[in-house]
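# Sequence and computational prediction follow.
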Amino acid sequence: MEKIAIFVDDVDHARHLLTPMLAKGAGDVSWTVVACAPRLTHRIGKWVSHSNREQWRAHWARAQRSELEPLFAGARGPREWLVARGPLDQLSTRLRGRLGADLRILDLRRPKLGVTLAPVSSEQAPASASRWAAPVAVSSSLAVVLALTD
């Protein structure tokens with residue numbers, strides 16, 4: 001049985017990437033879905049207790065699961081749902097230790113402009129995000145707007 005762990009932070013992006021994989025109708029696959037909750041800003045984080053933060057993460061993960069569960073309706077094999085707490089590379093190492101070295105790890109997190117996402121495993125190369133990505137995107141979109149107004 002093939003074992004796959006996927007890291008998800010956005011339902012629409014994950015649905016877009018998972019639909020072709022699940023449509024192939026592969027054999028028995030053991031799926032481990034790891035929900036990576038967004039970080040709270042420092043302004044909110046200083047007013048929210050740890051238990052409330054954990055409660056919010058669990059609520060967010062339940063919402064993600066309820067939207068992703070219909071995708072797996074036709075898939076055979078067991079599914080496990082987890083919420084990521086702490087560094088993702090350490091979590092993937094623990095998953096490999098528990099599920100076996102042949103575990104395939106897929107990063108289905110939505111890429112964000114100007115943000116370097118942490119690698120999900122030690123084998124994944126760190127993303128080399130340019131610090132100029134956001135300013136270039138803003139200035140080029142502004143240039144397009146100015147060109148269209150002329």
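That came in fine, so what should we check first? Residues are numbered from 1 along each chain as shown.

# Mind naming the longest helix for the protein?
Identified as the longest helix of the chain according to DSSP state H is helix 50-68.

# Now do the helix or strand following that helix against helix 50-68, angle only.
Sequence order places strand 79-83 as the next helix or strand after helix 50-68, per DSSP states H and E. Orientation check (axes from the mean of the first three to the mean of the last three Cα atoms, to 10 degrees): strand 79-83 against helix 50-68 gives 150 degrees.

# who does strand 79-83 pair up with?
Strand 79-83 sits in its sheet next to strand 29-35 (parallel), going by DSSP bridges.

# residues in contact with L68?
For L68, the contacting residues are 8, 11, 14-15, 18, 33, by Cβ atoms under 8 Å, 6 or more residues apart in numbering. From N, CA and C alone the C-beta is placed, and that goes for glycine too.

# Tell me where this structure has helices.
Going by DSSP H, the chain shows helices at 11-23, 42-45, 50-68, 88-99, 133-149.

# Pull out the buried positions in the third one.
Across helix 50-68, burial judged by 16 or more other Cβ atoms under 10 Å covers 57, 60-61, 64-65, 68.

# cool, and the first one?
If you call a residue buried by 16+ other Cβ under 10 Å, then helix 11-23 has these buried ones: 11, 14-15, 18, 22.

# That one - contacts with which helices or strands?
In terms of contacts (3 or more Cβ pairs under 8 Å, 6 or more residues apart in numbering; DSSP states H and E), helix 11-23 is packed against strand 2-8, helix 50-68.

# Against which helices or strands is the shortest one packed?
Contact analysis of strand 2-8 by 3+ Cβ pairs under 8 Å, 6+ apart lists helix 11-23, strand 29-35, helix 88-99, strand 104-107 as its packing neighbours.

# follow-up on the earlier one: using a markdown table, lay out the contacts of L68 together with distance to R110.
Listed next are these as a markdown table, based on distance: Cβ to Cβ, whole Å:
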| residue | distance to R110 |
| --- | --- |
| V8 | 9 |
| V11 | 10 |
| A14 | 8 |
| R15 | 11 |
| L18 | 13 |
| V33 | 15 |
